[in-house]
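**Student:** Return atomic coordinates for the entry below.
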Amino acid sequence: MSIRRDVITLFPVGRYTAPAFSSRKRASVFPHAPPPKFVLCTEMSPTFTRILNHKISLVFGADHATWLRAAAFLLFLFAFEAIHIGSGFRPLFEYVQEKYDPVEIILAVAYGAVAIYLFFILVLAAIASERKYQAIYIAVTALAVVLEYGYSKATGRFTNGLDVQSAISATQDQRVDAMMSFVDIGALIPIGVLLLICWPSGSEKARYGFRMFAKVVLINVIFYLHLANVNPAFFDRQFGDNSVGALFLTSAEYLYLASPIVTGPKHRQLVEVPADVPARPQNNIVMVFDESVRGDHLSLNDYERSTTPYLVDLKKKGLLLNMGIAVSASTMSHLSYDAFISGATPDEISSLGFSGINELPSIFQYAKAMNYTTSYFDGQMKGYWGGLPEDINYIDRTVTTKDLDSPDRVEDWEIDSRVSDEDQTTNQLKIWEIDRKIAKQVNEIFSHSIGNFVFIYKRGVHFPYEKNYPKTAESWQPVYHLKEWNEIPSEDERAAAINSYDNAIRFNLDAFFKSLAPDYQQLPNNTVILYTSDHGESLYANGKAGHGGKTRGEATVPFLLFGMNGSNVDTTFKATHANMFTTILDLMNYPVALRKVPYARSVLGARGSDSENRVFNPPPGEKVRFD
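**Tutor:** Next up, the predicted model:
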């Protein structure tokens, strides 16, 4: 009998084509027939044959010694990271523990298992590949470990795409190595262990080459680009991984969610110009956005130390309205600024992401729509670094450190991770002189003209705290002098570090307001001044430095109003950055009906009974309860 060459048959083949009889009946009918054989036709397509004969192996055909070494390193790295830096899968575990939905738990376990397996394959390839590919695997792992360990030791978490966005796009002068200023010597241990387990393979015949390298790259690209997309929806941006996976996810988040190469250029929504807008507004609005000032460290807010005696005196005279402790939009400067000038609420940040909120109209657009002359002062950078580049189109005057001091001004972060002695710097303007110079220039603007909207981003008290005041202004001692930006004082030294912080507030804040207006009894030209900070500080809570984390102190900021003497503002209302944005719109008299989105409540007319429980959005954007 002939059988078609391109057909797979499972029918018995032999001398006869037998009907489907039982074996006993068949023997009686066909006594000489051989037993049936069920086979696949061997003359099918060669390509299909190779596919059917291909063995699927979870270890890609590696021998026991190789995949056992890879598994051992994987277990070692997870244990080491859990002990040494406390990062890794911990955020994911904490997220899962709070969930009762079995579907979400299954998804978390599934994605975590895939991430672990992909890292296992990478290590497997590193052990058994040709030397040139082996070097690439080791280099990528070493880069991830060095970057992520240092960053995690300083901030308490691995990096994310927003960190890259802040470091790379913050300013043209800021270099990528700003993120690399954190160094952890412990990173050398896993790098050394990986080198040890890879080295013996040099005496063995390499099993993997380019094809394996291409597979490793492809599956990681597919998985982490996918994860960057689902992480906000499935895990509230809490997916954790090892250091290598964290670097891959960070890169994917930036490329997929933030990079203009992938997402395309972002543009803000346009703002409608009201039909009856005045030719010239009849007031001035000054928005002061401080740096790293924690609201509960102001004696104005009942702090035990006298850090703001001048402001306390103004309050006693009824010359300022103190809204008490307010809540910042985020705990990182770049993100907090972007959210503030966009008026983004915590819900909008959570749903749109920090990249998406930059498509909301900016406060500068609203100011120009109302015919204000707009100015932006920056005491930290040499160029406009926040929001979108197109924001400059709505700013009439930009003053940065290159204008305040010199284009040749050099900051510590532009050099390396070391902290210099400010008394020995070659800059013309000392750090502690910058904010006073800004205050005097802004005073000239609102004292001699009307219809101005001025945004001031102060130098403030960013760490290293002791660089924000001269040695003669040490009100509290001893002080702590940082030698490296990523340095974290020991538990015994933290009281001295807090002394440095309080000294900086005491020296900076009162002096700034004295320079901004010599008399708050009657600010000229109907000037109103609003004051807050971009975020607070951790003050080494949980052993972490600076800001960018999830502690309550990092979202604790002040909120003051000047030039509204006798106004009916209820200072018991619990405010946030989002409330301040809407308050500015009200001060501009921009019509409510023309506002693009349902912004938060303005403090003008709000009552204490209108207060709601507040939240903030630390990077990468999840909501954290404040009240």
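**Student:** Tell me which helix or strand residue 456 sits in.
**Tutor:** strand 452-457 (DSSP states H and E).
**Student:** I'd like to know which elements the next helix or strand after that strand is packed against.
**Tutor:** Downstream of strand 452-457, the first helix or strand assigned by DSSP H and E is helix 494-516. Packed against helix 494-516, as judged by 3 or more Cβ pairs under 8 Å, 6 or more residues apart in numbering; DSSP states H and E, are the following elements: strand 284-290, helix 309-316, helix 431-448. No exception for glycine: its C-beta is placed from N, CA and C like everyone else's.
**Student:** Next, the buried residues of helix 494-516.
**Tutor:** 494, 496-513, 515-516 (16 or more other Cβ atoms under 10 Å).
**Student:** for stretch 310-324, same thing?
**Tutor:** 311-312, 314, 319-324.
**Student:** Kindly report the same for stretch 520-536.
**Tutor:** Under 16+ other Cβ under 10 Å, the buried positions of stretch 520-536 are 520, 523, 525-536.
**Student:** With stretch 611-626 instead?
**Tutor:** So, applying 16+ other Cβ under 10 Å, buried residues of stretch 611-626: 614-622, 624, 626.
**Student:** Tell me, please, where in the stretch 251-400 of the chain the pLDDT is lower than the cut-off.
**Tutor:** Scanning the stretch 251-400 of the chain for pLDDT under 70 picks out 256-265.
**Student:** the helices in it, which residues?
**Tutor:** 260-263, 309-316, 333-342, 346-356, 363-369 (DSSP state H, counting those that start in this stretch).
**Student:** So which of these is nearest residue 112?
**Tutor:** For residue 112, the closest of these is helix 346-356, at 22.6 Å, according to Cβ to Cβ.
**Student:** who's in contact with stretch 595-603?
**Tutor:** 269, 271, 323, 343, 345, 348, 360-361, 561, 569-570, 573, 575-576, 578-583, 585-586, 610 (Cβ atoms under 8 Å, 6 or more residues apart in numbering).
**Student:** Emit the ChimeraX select command for whichever of those are buried.
**Tutor:** In ChimeraX syntax, the buried subset of the contacts of stretch 595-603 is picked out as below (16+ other Cβ under 10 Å):
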select :271,323,343,345,348,360,361,561,569,570,573,575,576,578,579,580,581,582,583,585
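**Student:** Any idea how many residues pack against residue 152?
**Tutor:** Other residues near residue 152 come to 23 when the count uses other Cβ atoms under 10 Å.
**Student:** what about residue 187, neighbour count?
**Tutor:** 22.
**Student:** My assumption is that it lies in a helix; please confirm.
**Tutor:** Yes. Counting by DSSP: H, G, I helix; E, B strand; the rest coil, residue 187 is part of a helix.
**Student:** so what's it up against?
**Tutor:** Counted by Cβ under 8 Å, 6+ apart, residue 187 has contacts 142, 145-146, 149-150.
**Student:** what about the strands in the stretch 51-200 of the chain?
**Tutor:** For the stretch 51-200 of the chain, applying DSSP state E, counting those that start in this stretch gives no strands.
**Student:** Tell me where the model's unsure across it.
**Tutor:** If you take pLDDT under 70 as the line, the stretch 51-200 of the chain has these spans: 51-56, 87-101, 154-155, 162, 165-182.
**Student:** How about the stretch 401-550 of the chain?
**Tutor:** 413, 415-417, 486.
**Student:** what's the most distant pair in the buried residues of stretch 520-536?
**Tutor:** Farthest-apart pair in the buried residues of stretch 520-536 is 525 and 536; separation 32.4 Å (Cβ to Cβ).
**Student:** Mark out where each domain of the protein begins and ends.
**Tutor:** As assigned by automatic domain parsing, the chain contains the domains 1-54, 64-263, 284-625.
**Student:** circling back: with the buried residues of stretch 520-536 in mind, which one is nearest to residue 226?
**Tutor:** Closest to residue 226, out of all of these and judged by Cβ to Cβ, is residue 535, at 31.9 Å.
**Student:** surely that closest one meets residue 554?
**Tutor:** Yes. The pair residue 535 / residue 554 is scored as a contact, 5.7 Å apart, by Cβ atoms under 8 Å.
**Student:** Now the common contact residues for those two.
**Tutor:** Counting by Cβ under 8 Å, 6+ apart, the residues touching both residue 535 and residue 554 are 328, 331, 547.
**Student:** Can you verify my assumption that the first one contacts residue 534?
**Tutor:** Yes. Counting by Cβ under 8 Å, residue 534 is a contact partner of residue 328 at 6.5 Å.
**Student:** so what's in contact with the two at the same time?
**Tutor:** 336, 557.
**Student:** Return the closest of the contacts of residue 187 with respect to residue 199.
**Tutor:** residue 142 (14.4 Å).
**Student:** count of neighbours near the closest one?
**Tutor:** The burial count for residue 142: 18, using other Cβ under 10 Å.
**Student:** ok, for it, nearest residue in space, not its chain neighbours?
**Tutor:** Leaving out its chain neighbours, the residue that sits closest to residue 142 by Cβ to Cβ, 6 or more residues apart in numbering is residue 191, at 4.8 Å.
**Student:** Which residues are in contact with the one you found?
**Tutor:** Counted by Cβ under 8 Å, 6+ apart, residue 191 has contacts 138, 141-142, 145-146.
**Student:** From those, list the buried ones, please.
**Tutor:** Buried among the contacts of residue 191 by 16+ other Cβ under 10 Å: 138, 141-142, 145-146.
**Student:** Closest one to residue 473 out of the residues you listed, please.
**Tutor:** For the buried ones among the contacts of residue 191, the nearest to residue 473 is residue 146 (37.7 Å; Cβ to Cβ).
**Student:** Make sure that closest one is actually in contact with residue 189.
**Tutor:** No. Counting by Cβ under 8 Å, no contact exists between residue 146 and residue 189, whose distance comes to 11.6 Å.
**Student:** can you tell me how far residue 616 sits from residue 65?
**Tutor:** According to Cβ to Cβ, to the nearest Å, residue 616 and residue 65 sit 51 Å apart.
**Student:** Is residue 66 in contact with residue 125, as I believe?
**Tutor:** No. If you go by Cβ under 8 Å, residue 66 and residue 125 don't touch, sitting 9.9 Å apart.
**Student:** Okay, strands next: where are they in the stretch 501-627 of the chain?
**Tutor:** Secondary structure of the stretch 501-627 of the chain, counting by DSSP E, counting those that start in this stretch: strands at 527-533, 556-562, 615-616, 624-625.
**Student:** by contact count, what packs against the second one?
**Tutor:** If contacts are counted by 3+ Cβ pairs under 8 Å, 6+ apart, strand 556-562 sits against strand 320-327, strand 527-533.
**Student:** rerun that using 10 Å as the cut-off
**Tutor:** Under the contact criterion of 3 or more Cβ pairs under 10 Å, 6 or more residues apart in numbering; DSSP states H and E, strand 556-562 touches strand 284-290, helix 309-316, strand 320-327, helix 494-516, strand 527-533, helix 577-588.
**Student:** Ok, the first one next?
**Tutor:** Counting by 3+ Cβ pairs under 10 Å, 6+ apart, the packing neighbours recorded for strand 527-533 are strand 284-290, strand 320-327, helix 333-342, helix 431-448, strand 452-457, helix 494-516, strand 556-562, helix 577-588.
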